[in-house]
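Enquirer: starting from these lines, generate the structure:
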Amino acid sequence: QVHLVESGGGLVQPGGSLRLSCAVSGSLYSIHAMSWYRQAPGKERELVAAITSGGSTNYADSVKGRFTVSRDNAKNTVYLQMNSLKPEDTAVYYCNTEAMVVVAGVLVQYDYWGQGTQVTVSS
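Expert: As a prediction, the model looks like this:
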């Protein structure tokens, strides 16, 4: 079993900051990419930011320069620092990880998702 536990969401005023965390635990062999997605009401889920095991990052154009993704490999945790938040950043934010697990003696890659954390940007 692999579990992703997110924290750090909440209500913030426009221009404010929040830091999301996602801790991965369970019986896994290794973790590859870790990502943050978001889904606003009535919209499809979209990639916000991703970071590889080597530290390479990529961001959605809408958050470049405002959001920073990072990870602590020793803690199997990924972070999303969100600055200069805008009302259009309001969404449920989901953590995703590509992890290798051993199934019947074979290494298999799976995608795992967190439960989501609400971020609301409003005055």
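
Enquirer: average pLDDT across stretch 23-39?
Expert: Here stretch 23-39 scores 93 as its mean pLDDT.

Enquirer: okay, and the beta partners of the closest residue to Leu47 other than its chain neighbours?
Expert: Nearest-residue entry for Leu47: Tyr37, 5.6 Å, with adjacent residues in sequence omitted and distances by C-beta to C-beta, 6 or more residues apart in numbering. Backbone N, C-alpha and C define where each C-beta goes, glycine included. Per DSSP bridges, the residues bridged to Tyr37 are Leu47, Tyr94.

Enquirer: residues in contact with Tyr37?
Expert: For Tyr37, the contacting residues are 45-48, 93-94, 96, by C-beta atoms under 8 Å, 6 or more residues apart in numbering.

Enquirer: against Val121, how distant is the residue lying closest to Ser122 once chain neighbours are set aside?
Expert: In space, and not counting its chain neighbours, Ser122 is closest to Pro87: 6.2 Å by C-beta to C-beta, 6+ apart. Per C-beta to C-beta, to the nearest Å, Pro87 is found 5 Å from Val121.

Enquirer: these two: which is more packed in?
Expert: Between Pro87 and Val121, counted using other C-beta atoms under 10 Å, Val121 has the larger neighbour count: 19 against 11.

Enquirer: can you count the residues close to the residue nearest to the more buried one when sequence neighbours are not counted?
Expert: Closest residue to Val121 apart from its sequence neighbours, by C-beta to C-beta, 6+ apart: Leu85 at 4.6 Å. For Leu85, the number of neighbouring residues by other C-beta under 10 Å comes to 22.

Enquirer: is Leu85 in a helix, a strand, or coil?
Expert: State at Leu85, reduced to three classes by DSSP: H, G, I helix; E, B strand; the rest coil: coil.

Enquirer: show me what contacts it?
Expert: Contacts for Leu85 (C-beta under 8 Å, 6+ apart) come out as 12, 14-18, 66, 119, 121.
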